[in-house]
Structure formats: C-alpha cells, structure tokens
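Engineer: Mind looking at a prediction? Sequence and model below.
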Amino acid sequence: MRGQGVSHLSRLELQILGDNTKMGWGLLAPIRSQTVSRSLLYNRRLPHSSFTPYFFQHFQPPSGLTLPSETMAKDMTLLWGSGSPPCWRVMIALEEKNLKGYNHKLLSFDKKEHKSEEVMKMNPRGQLPAFKHGDKVLNESYAACLYLENQFKSQGNKLIPDCPAELALMYQRMLEGLTLHQKMIDDITYNWKVPEGEKHDSAVKRIRESLTAEIKLWEGYLQKTSGGFLAGKTFSLADVCVYPTIFTIFRFRLCEERYPKLAAYYNRLKDRPSIKASWPPTWLENPRGEDIMKDI
Amino acid sequence: MAKDMTLLWGSGSAPCWRVMIALEEKNLQGYNHKLLSFDKMEHKSQEVLDINPRGQLPSFKHGDNIVNESCAACFYLESQFKSQGNRLIPDSPAEQALTYQRMFEGLVFYEKAAGVIWYEYYTPEEERHDSALKRNKEALATELKLWEGYLKKLGSGSYVAGKTFSLADIIVFPNVAYLFRSGLSAERYPVLGEYYALLKDRPSIKASWPSEWLQDTKGEDTLKDI
C-alpha cells in the first residue's frame, strides 16, 4: 500500500504511517514533496490542507466519485494549536465522524498567533480552537463536538448513546470534564498567570488539593463504570472531550501506579485511530513533559 | 415521568435555576424537589452526597439516572422529552450551531460574573486583592460588551441564539438576571436590558423565579459601576 516518496520520512513518521495504513484511514504526517528535517516538521507552520489522507494520495477514487465526507470536510476550517486539549477534542471528533480533509492551520501560542487578525475574525475571544463549517462558527470545543455528532449522525462512529442510562452518564461526565480541565489549568498556570504581589502559598496548596481530589474522583468513576469508557461500554463524546485532559495530566507525569484505572484508560485509548491521528505534533518529538504532577 | 425525578436545589444558584427552567419548558411539573440551604451547609449533607459526591447543587435524578451538572441535565431532558413541551435545540444546522456555541459561551459568561459577584465567597480573606477584583471586573465588562454585541446583531426581540427560545437562553438568562439583580446598569447595557425584560415574564422563568427576589425586589449594587 505504500507508494513512492516515503524514504525521506523519519522512523517515527514511518511508524505512524505504518500503524495508520493498517487501518486504511486516518490523519497522517504531512506528505511533502521534498525532504524536511524533523525539527522543521514540528516547529514550522503547516500549509493549508497538508494533512491529507494517505489513502487519497495513493488510491485515487474512480473518477467522478467524491466521497460525501470529503466534500463536507472541505467546507470546514480549523485554526488550532498543538497541545491544546480543546483543539484536540475537535480533531478527535472530526476523525470519529470520518470528516477528513478539512482545512486547518496550526498556529503558535508562543508567538501569540492566537491573537492574530485571522483568528480574531473567526473568534473575537482570540482563542483556539476557532472552527467554521461554511458560515457556522463553533469556537467552543464542546459546541463543535456536539454539532458534528448531531449533523453527521449517520457517518463515522456514533458518539451519543441511545440508551438513556448511558446517555445520562455521557452528558454528566462530559460536563464534569470541564471542571477537571479547569482545575488542571488553575494548577499548571498559577505561577505565570497570577501577578507576583497576589501570589499566596495557601492558594497554591488549595488549588493542588482541589486538583488531587478531582483526580481521585475520576479514578473512582473509572473503577465504578464497567465497559472501559467514561460512559460505559462505548466510546462517546465524554471520551472525546475528557481524554485530552487526562492525557495532558499524564504528560505532566501523574503517577500511573497511584491511579491505575486512569492510567489503563489513558494507555488503552492512546491507540484509538482518531486519537493517534490527531496526536499533538509537538508532543511526538517530546512525549514526556515536565513532572509537575508527579507528587499528586 | 416527573414523579420519578428528584431535584435537590438551593436558592441563589443559577445552575439550579437552569434545571428548573428546563423542567418547566418540557412540561415536567410535579417533579419531587427539596430546597436546601447553602448557609446551613446542607449541600454537604449525606442526602446530597448520596446523589452527588461533589456535595454541590443542583443534584438531579431521574429514576436511576443521575445528572448533576446543570447543562448535562438540560441536554438529558431535551433528548429524553424531545416531543413534549417546547423544542429547546433547533434542527436547522445554522441555528443549532449558534445554540451550542452560545450555550458554552454562557458558561464562560457565568464564570466571569461569579468572579465579581461572588469574589469574596470564593476567595479566602487573606488571599483577596483589590487588584484581582479590579481585573475580574474588567474581564466582566469585556464579556458584557461581547454579549451586548451578540444580541444587537440578532435584532430587537431576539433570543440569545436567534428567533426562538432555546437551551442557550436557559443557560444564559439566569446569569443575566443575577447581573441586573446585582446592580448592573440597564442604561449601560440596553440590549441586555431588553433581553432581560423579554424573558422575565416567560412562564417557565416566572414559575421558577427565586422567591426571595419576590419579597425583596431591590437587590445589591455591586455591579453599578461596571
């Protein structure tokens, strides 16, 4: 299935490609016509539509046949930043709904590109993700995920269960995910967000205790819920929305032995195609982050 | 159906109010409910903890289905009772997109309001700073301008996500009501003032209006300078 033009890709990229070609689908490393070094891959801004399914590069569909999901995806634009859980949620949802080939642009938070005019036009809050389908703007990641599931119900994977009990649990965990995310953010960003004169050790302690209690709660949820996913036996919007945050917490070296259920969930879902395909590119080179959370 | 539902709630809680409005909109009157007191720490009682390990209100159950997060409860009720009461999520893609977008922005709006109105409640005394409160007020002012703009663009008499009342209004209105109750100036925010006037007499909202606001119509003036 591999065509020409892969010899310039690094071993890591080939690994991703290899795993993805087994599935036949999935977002792959950008196909480039010339050799580009690995540091350039992860640090430069990628051109529009550089994430093109391998399948379409090497297997042209019979002429005249365009897959509907490809047409719809062409009307979609995502401005995103690497390592941002809200951005990752939308990308997972797009993958799950087979909406590949959407226009997208990777922007840099460090270079303040999220405050650029391009972003501000789509999102007056100057935040990423900024997402559009035609003229419908959905910058809140949860809104985008719900919209995608509801508008593309019949394609890709079903992300909202029919069974009332699972549906209830799905919405509950999905919305609790916002609390988990906020507590993580409060902990990670305290040092650089709070002005010097306003910092208190008591606040740092309180925020860390709050995050610890929250993580313990989720460990308990996974212990109690059978089926392996947050809402039961099927992957749902709850997983789409919450997994990126859980992944980030482990990236900051949360102790896997102390939280075995969370760790098992984190490790098992790493290999899900939609998640692999949308893995933050800047984390591929550097899979382990600082050990901010190792003492939790 | 309503008889299989139980809501533990507290007065002065916008999240509780959201669920109550949704229940009214879906014609689910007659649900079991209990008013608890935050002051007496009743939200940390065993009765609440049995439903909600977070010890928070609202705590909501339908049969065995527990949905404590107010937005989640609203989604659950709309999906399970789609065909009764008022439709709360439009089908048309454009309206649906705007509904979801404003719903989740509504949660951000609530946080910004809470950062001012409940600054002292959430911040221990030794950690409070005038500079922090000032920053929170500026953030709220920026957020208010955004919503003023959103509503202005849709035109007079519109709801927050378009021409019909939706889940977005259920999330956003209680926050707007609290802002005006806390002294927000309708002169400075005329479009929001119009929105408030439009919705305050809606049956579902009237039916669930905080009772102490009926007794004491004045309110605070915390936000008069925003």
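Structural biologist: Cool, the structure landed.

Engineer: so who does B:L35 touch?
Structural biologist: B:L35 is in contact with B:W9, B:G10, B:S11, counting by C-beta atoms under 8 Å, 6 or more residues apart in numbering or on different chains. Where you see a C-beta, it was placed from the backbone N, CA and C, and this is true even at glycine.

Engineer: go again using 7 Å as the cut-off
Structural biologist: Listed by C-beta atoms under 7 Å, 6 or more residues apart in numbering or on different chains, the contact partners of B:L35 are B:W9, B:S11.

Engineer: Number of residues surrounding A:K205?
Structural biologist: 10 (other C-beta atoms under 10 Å in any protein chain shown).

Engineer: my bad, A:N191
Structural biologist: A:N191, neighbours per other C-beta under 10 Å, totals 11.

Engineer: Tell me how far it lies from B:E120.
Structural biologist: Computed as C-beta to C-beta, to the nearest Å, the A:N191 to B:E120 distance reads 24 Å.

Engineer: per the record, what domains does chain B have?
Structural biologist: What the TED database lists as the domains of chain B is B:2-81, B:93-215.

Engineer: any chance of those in JSON lines, plus mean pLDDT and distance to B:R87?
Structural biologist: Formatted as JSON lines, the domains of chain B follow (pLDDT from 0 to 100; distance: least, C-beta to C-beta, whole Å):
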{"stretch": "domain B:2-81", "mean pLDDT": "97", "distance to B:R87": "8"}
{"stretch": "domain B:93-215", "mean pLDDT": "96", "distance to B:R87": "8"}
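
Engineer: Please identify the deepest-packed of these.
Structural biologist: domain B:2-81 (a mean of 19; mean count of other C-beta atoms under 10 Å in any protein chain shown).

Engineer: Might you report the residue contacts of residue 149?
Structural biologist: Because you didn't say which chain, this covers chain A. By C-beta under 7 Å, 6+ apart, the contact set of A:E149 is A:L159, A:I160, A:L237.

Engineer: cool, B:A186 as well?
Structural biologist: Per C-beta under 7 Å, 6+ apart, neighbours of B:A186: B:F180, B:G193.

Engineer: what's the helix or strand for it?
Structural biologist: Under the criterion DSSP states H and E, no helix or strand holds B:A186.

Engineer: From chain A, how far out is it?
Structural biologist: 23 Å (C-beta to the nearest C-beta, to the nearest Å).

Engineer: I'd like to know the phi and psi angles of that residue, please.
Structural biologist: Main-chain torsions, B:A186, degrees, to the nearest 10: phi -70, psi -20.

Engineer: how near is it to A:K112?
Structural biologist: From B:A186 across to A:K112, the span is 36 Å (C-beta to C-beta).

Engineer: Kindly provide the distance from the residue nearest to B:H62 when sequence neighbours are not counted to chain A.
Structural biologist: The shortest distance from B:H62 to any non-neighbouring residue, by C-beta to C-beta, 6 or more residues apart in numbering or on different chains, is to B:M5 (4.8 Å). From B:M5 across to chain A, the span is 12 Å (C-beta to the nearest C-beta).

Engineer: thought B:M5 was touching B:H33?
Structural biologist: No - when contacts are counted by C-beta atoms under 7 Å, B:M5 is not listed as touching B:H33 (8.4 Å).

Engineer: name the element A:Q127 belongs to?
Structural biologist: Residue-wise, A:Q127 maps onto no helix or strand under DSSP H and E.

Engineer: helix/strand/coil for the residue nearest to it when sequence neighbours are not counted?
Structural biologist: Closest residue to A:Q127 apart from its sequence neighbours, by C-beta to C-beta, 6+ apart: A:H114 at 6.2 Å. For A:H114, the secondary structure call by DSSP: H, G, I helix; E, B strand; the rest coil comes out as helix.

Engineer: Let me see the contact set for A:H114.
Structural biologist: A:G81, A:L107, A:G126, A:Q127, A:L128.

Engineer: element containing the nearest residue to B:S166 once chain neighbours are set aside?
Structural biologist: Counting by C-beta to C-beta, 6+ apart, B:S166 lies nearest to B:T99, which is 4.7 Å off, once chain neighbours are set aside. B:T99 belongs to helix B:93-117 when elements are defined using DSSP H and E.

Engineer: helices or strands next to that helix in the packing?
Structural biologist: strand A:136-137, helix A:141-151, helix B:130-154, helix B:167-181 (3 or more C-beta pairs under 7 Å, 6 or more residues apart in numbering or on different chains; DSSP states H and E).

Engineer: Rebuild these as TSV, extending it with distance to B:M103.
Structural biologist: Formatted as TSV, the helices and strands packed on helix B:93-117 follow (distance: least, C-beta to C-beta, whole Å):
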stretch	distance to B:M103
strand A:136-137	14
helix A:141-151	7
helix B:130-154	13
helix B:167-181	5
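
Engineer: quick one: secondary structure of the residue most central in space within chain A?
Structural biologist: In chain A, the centroid-proximal residue (C-alpha atoms, centre = their mean) is A:W88; its distance is 2.0 Å. Put simply, A:W88 is helix when judged by three-state DSSP.

Engineer: Now do the closest residue to it other than its chain neighbours against A:Y266, distance only.
Structural biologist: Spatially, and ignoring its direct neighbours in sequence, A:W88 is nearest to A:P244 (4.1 Å; C-beta to C-beta, 6+ apart). Using C-beta to C-beta, we find A:P244 at a distance of 11 Å from A:Y266.

Engineer: What of B:T222?
Structural biologist: 43 Å.

Engineer: cool, and B:V160?
Structural biologist: B:V160 is 37 Å from A:Y266, by C-beta to C-beta.

Engineer: between the contacts of A:H114, which is nearest B:E25?
Structural biologist: Distance to B:E25 across these (C-beta to C-beta) is lowest for A:Q127, with 30.6 Å.

Engineer: Need phi/psi at that closest one.
Structural biologist: phi -130, psi 160.

Engineer: Can you name the residues that contact A:D75?
Structural biologist: A:H133, A:G134.

Engineer: what pLDDT does it get?
Structural biologist: A:D75 is assigned a predicted lDDT (pLDDT) of 95.

Engineer: Run a quick neighbour tally on A:L79.
Structural biologist: Quick note: A:L79 (other C-beta under 10 Å) scores 25 neighbours.

Engineer: which SS state does it fall under?
Structural biologist: Applying three-state DSSP: A:L79 is strand.

Engineer: so how far is chain B from it?
Structural biologist: The value you get for A:L79 to chain B, if C-beta to the nearest C-beta is used, is 15 Å.

Engineer: So in terms of bridging, what pairs with that residue?
Structural biologist: Counting by DSSP bridges, A:L79 forms beta bridges with A:K105, A:A130.

Engineer: you'd agree it is up against A:A130?
Structural biologist: Yes - at 4.2 Å, A:L79 and A:A130 qualify as touching, with contact defined as C-beta under 7 Å.

Engineer: Between these two, which contacts overlap?
Structural biologist: A:V119, A:M122.

Engineer: the inter-axis angle of the helix or strand hosting A:P244 versus helix A:141-151?
Structural biologist: Secondary structure from DSSP H and E places A:P244 in helix A:237-251. For helix A:237-251 against helix A:141-151, the angle by axes from the mean of the first three to the mean of the last three C-alpha atoms, to 10 degrees is 140 degrees.
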